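> predicted structure and sequence below. I'll ask about it afterward.
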Amino acid sequence: MKLSLPDSLLRDKSSGWCPGCGHGIITRMVAEAVEELGLEENFILCTDVACGALAAYVTKWNVIGAAHGRTIIAAAGAKRVRPDQIVLAAPGDGSAYSIGIESTIHCALRNENILALVVNNCVFGMTGGQMSPESLPGQKTTSSPFGRDPARNGAPFDVVKTLGSYDIAYLARGSVSSPANVIRTGKMIRKALQKQLDGQGFCLLEILSPCPTNWGFPDDRAGKALDYMRQQQEVFYPLGEFIDKEGSKDA
Amino acid sequence: MLEIICSGFGGQGVLTAGLILADAGMENGKYVTWYPSYGSEMRGGTANCNVKLSDEEIASPYCGKTSLDILLALNRAAADKFENTLRPGGLMLLNSSLVPADRPCRQDIRVIRVPANEIAAEEKNAQGVNLVMLGAMAAASAAFDAEQLCRDVNHYFYKKKKKMFPQNEACFRRGMQIGAEAGKEGEP
Amino acid sequence: MEKVLMKGNEAFAEACIRAGCRFFSGYPITPQTEVLEYMSWRMEQVGGQFIQTESELAGINMVFGAAAAGARALTTSSGPGFSLKQEGISYLCGTDLPAVIADVMRIGSALGEIFQGQGDYWQLTRGGGHGDYRTVVLAPASVQENADLAYIAFDIAEKYRHPVIIASDAAIGQMVEPVELPPMREHDIDRYDWVIRGRKPGEEQRRMKNVFYRMGADKYPAFLLDKYRRMEENEQRWESLAVEDAELVLVAYGISSRVSKEAVKLARSRGIPLGLIRPISLWPFPQKAFDALGGQVKGFLCVEMSILGQMVDDVVLACGNRVPVGFYGEFSQVPEPEIIVERAAAMLNGKEVQA
């Protein structure tokens, strides 16, 4: 494992992400994968709004800042214009699975040759922790104060159940809850980017990520958010590779 | 300015008849507009188009409410809908294969009955109903040189399909005979 | 150059191709659908991208990504679908991205009907989406102008890094007329130094986000005002007809201007001194056309296919509210030249004309 910081990351900028947030880890993993594959000069990041958008300010990549829920479709538009570039769309779970679900599904159906990297922290973070499509049953949020009740609020969305049978290149779920999961998830990112390089088509990688601030562990020195991930989030949303159409050349 | 409406069932080629007239006008250096019925209006089975031909720039693409020069009515509904928009002395060509002979018509217009379906069937060109009507119109209207329009019809299809369709010309010429029998406008 | 007979929507689509547009994403809706259908095979021929998207929202946001990547990108719709595009248009404006969007107008709010209408004037000329913006709006009145305006729309969009809207209508889109098509051009997606592709070493990072994030909220207002001032100065387009001695001037665009031209002829044949200003740019509104009028003009009559008289305010402003501004509107029917002349004569006789 490399111990130096990838060149694509800025060393002198603070991110604006809360302590204990997973976005920083995920951004670093993407930077490492981009560097390992030698893609720095051909890489376009397409961000959503809110927390994920802050990645634009701690990296050197050229960035398209799409509207909320339109990250994946805007990224697909850019990729079709520049098929020689590697395009990564980075929506959150609210963007990809709620407001933007129609484009998530149809980009998968059209097998758009992009990577949708969906950060799933089970809340709308930037707006203050409202219920998101991924909020767990019983999860208390500012808009489900009695805990998410599927009978009242609808059931959580499982992308594997929806896209699991689609003819796409890659569908996987990783997590940043432990060093081992970070390593595994980093490999998933590399694999998905390699698939895009090979022109295999649509890849969706969901990464479970903690939001201590909005999960009720604002000063999370004890790592309760990570416990919550392992005991709740990862149980409800199992990790793994669900579609790996043509495998991986370097696997 | 010449105002023409082609109207009938969808599939009778009324829009194409109008396009042929517009194309012929353009090829002969005239200003032309063609305006179709479209969308759900066409789903009901009726179709029509407004065609205007002029030596001067055409302002409105719509035929006037009482100034129509020629109506090609390929079914009864077409005649019923547009007969009243003809100017006095205007020309109405009725597809008598579909419009009953006893349908009363305005007395101040010229009416020519053309059994277009039968003729097209005889010529083994069911798609040629509109061309029979156009032929009759060209022979009966002072606004057209029938031989020239016949060439324009051939040219229209040649441009589209890059080949000649003798069966189309046959339909057009059968129509011309009927128009000629009725006599050119203004002639005794 | 050879003339060909084409439908307005198809001439528009072909002229976009010839302007170097190689990206179309959109959704079917009458009376715009011919553009989508035309692009479905034409893009294939020229090696461009055609995507029938899942919705109008997807269509405009895909255009956002394509425009950011440097393409000449187009999406088209009509009324109900155009409303859905407002989000993306606001983002294009806030992000300083060029694109062309056409609204082939139909009548009514909500679903309305597919027939020609001009009821989107306010939406088109006032911004329509959220935030402080408006766009250049060009209104063709013939098949030829469908082609001509499409051809320059991309240039205007790139000149200001700003979307340009084509305000067409069902009549102008469905009509067939002879058209002389412009020559084919190719567009280089790397033409501008702001386009998004991978960052090369030593280059500054390009962030295609709200301009004021980069510029600072203190500098942004002056930047934006200057941009709009330049558009107002340079992009006014109009046609004036018989205004030199006109005592009453019709103001009409799109299909209404066609029948208004006929009304001018009719009025003149009866000795009524009627003229016409036909705005080709609805925004910027052609103030210069009004400034150039002589002092003999006693009033204006807006002729529109709208119930509320959406262009009246602009005419009142353009003439400095010095003379009466009347309004003759139709909803589902195209305005009648006879009625236009009748109303114009009434105005000249000192009567108020409203709706």
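Now that the structure is in, tell me what you want to look at.
> leaving out the residues flanking it, which one is nearest to residue C:238?
residue C:286 (3.6 Å; CB to CB, 6 or more residues apart in numbering or on different chains). All C-beta atoms are positioned from the backbone trio N, CA, C, and that covers glycine.
> would you list every one of the helices in the stretch 51-200 of chain A?
A:71-81, A:93-94, A:101-109, A:150-153, A:159-163, A:179-197 (DSSP state H, counting those that start in this stretch).
> quick one: which of these is nearest chain B?
Among these, the nearest to chain B by CB to the nearest CB is helix A:101-109 (25.6 Å).
> tally of neighbours for the residue nearest to residue C:238?
Per other CB atoms under 10 Å in any protein chain shown, the neighbour tally for residue C:286 reads 25.
> what sits against the residue of chain B most remote from its centre?
Of all residues in chain B, residue B:162 sits farthest from the chain's C-alpha centroid, using CA atoms, centre = their mean; the distance is 23.7 Å. Contacts for residue B:162 (CB atoms under 8 Å, 6 or more residues apart in numbering or on different chains) come out as none.
> mind checking pLDDT for it?
Confidence at residue B:162, expressed as pLDDT, is 85.
> find the closest residue to chain A in chain C.
Here the residue of chain C nearest chain A is residue C:65; by CB to the nearest CB that distance is 3.0 Å.
> let's verify that residue: helix, strand, or coil?
helix (DSSP: H, G, I helix; E, B strand; the rest coil).
> surely it and residue A:65 touch.
No: under the criterion of CB atoms under 8 Å, residue C:65 makes no contact with residue A:65, lying 10.7 Å away.
> okay, and the common contacts of these two?
residue A:46.
> who has more neighbours, those two?
residue C:65 (35 against 23).
> any idea how far residue B:93 is from residue B:11?
18 Å (CB to CB, to the nearest Å).
> now swap in residue A:137 and tell me
In terms of CB to CB, residue A:137 sits 74 Å off from residue B:93.
> cool, and residue B:134?
9 Å.
> settle it for me: which of the two has more neighbours?
Counting neighbours by other CB under 10 Å for residue B:134 and for residue B:93 shows that residue B:134 has the greater number, 33 against 29.
> so that one touches residue B:153, yeah?
Yes: contact criterion CB under 8 Å: residue B:134 and residue B:153 qualify, at 6.8 Å.
> name the residues contacting each of those two.
Counting by CB under 8 Å, 6+ apart, the residues touching both residue B:134 and residue B:153 are B:20, B:172.
> could you find the closest non-adjacent residue to the residue of chain C closest to chain A?
residue A:77 (3.0 Å).
> again with residue C:206
Closest residue to residue C:206 apart from its sequence neighbours, by CB to CB, 6+ apart: residue A:62 at 4.3 Å.
> circling back to that earlier point, most tightly surrounded among the helices of the stretch 51-200 of chain A?
helix A:71-81 (a mean of 31; mean count of other CB atoms under 10 Å in any protein chain shown).
> got the angle between it and helix A:179-197?
Between helix A:71-81 and helix A:179-197, the angle formed by their directions is 40 degrees, by axes from the mean of the first three to the mean of the last three CA atoms, to 10 degrees.
> output the contacting helices and strands for helix A:71-81.
Under the contact criterion of 3 or more CB pairs under 8 Å, 6 or more residues apart in numbering or on different chains; DSSP states H and E, helix A:71-81 touches strand A:43-47, strand A:62-65, strand A:86-90, helix A:101-109, strand A:115-120, strand C:23-26, strand C:49-52, helix C:56-68.
> tell me which of those sits nearest to residue C:171.
Nearest of the helices and strands packed on helix A:71-81 to residue C:171, taken as CB to CB: strand C:23-26 at 20.5 Å.
> packing partners of the following helix or strand past the closest one?
Counting by DSSP states H and E, the next helix or strand C-terminal to strand C:23-26 is helix C:33-46. Under the contact criterion of 3+ CB pairs under 8 Å, 6+ apart, helix C:33-46 touches helix C:8-18, strand C:23-26, strand C:49-52, strand C:73-77, helix C:170-174.
> mind running it again at 7 Å?
If contacts are counted by 3 or more CB pairs under 7 Å, 6 or more residues apart in numbering or on different chains; DSSP states H and E, helix C:33-46 sits against helix C:8-18, strand C:23-26, strand C:49-52.
> what pLDDT does the model give the residue of the stretch 51-200 of chain A found nearest chain C?
Ranked by CB to the nearest CB, the top residue of the stretch 51-200 of chain A for proximity to chain C is residue A:77, at 3.0 Å. With respect to pLDDT, residue A:77 scores 98.
> can you check the one 5 residues further on too?
Taken from the predicted model, the pLDDT recorded for residue A:82 is 98.
> show me the contacts for it.
C:69, C:197 (CB atoms under 7 Å, 6 or more residues apart in numbering or on different chains).
> for whichever strand or helix holds residue C:91, give the mean pLDDT please.
Element membership of residue C:91, judged by DSSP H and E, is helix C:86-95. The average pLDDT within helix C:86-95 is 98.
> got the CA positions of the helix or strand following it in CSV?
In the C-terminal direction, the helix or strand that comes right after helix C:86-95 (DSSP H and E) is strand C:100-107. The C-alpha coordinates for strand C:100-107 follow below in CSV (Å, rounded to 0.1, in the frame of the first residue of the first chain):
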residue,chain,number,x,y,z
VAL,C,100,-29.8,25.7,-27.3
ILE,C,101,-33.3,24.8,-26.2
ALA,C,102,-36.4,25.0,-28.3
ASP,C,103,-40.0,25.4,-27.2
VAL,C,104,-42.3,24.6,-30.0
MET,C,105,-45.3,26.2,-28.3
ARG,C,106,-48.8,24.8,-28.0
ILE,C,107,-51.8,26.2,-26.3
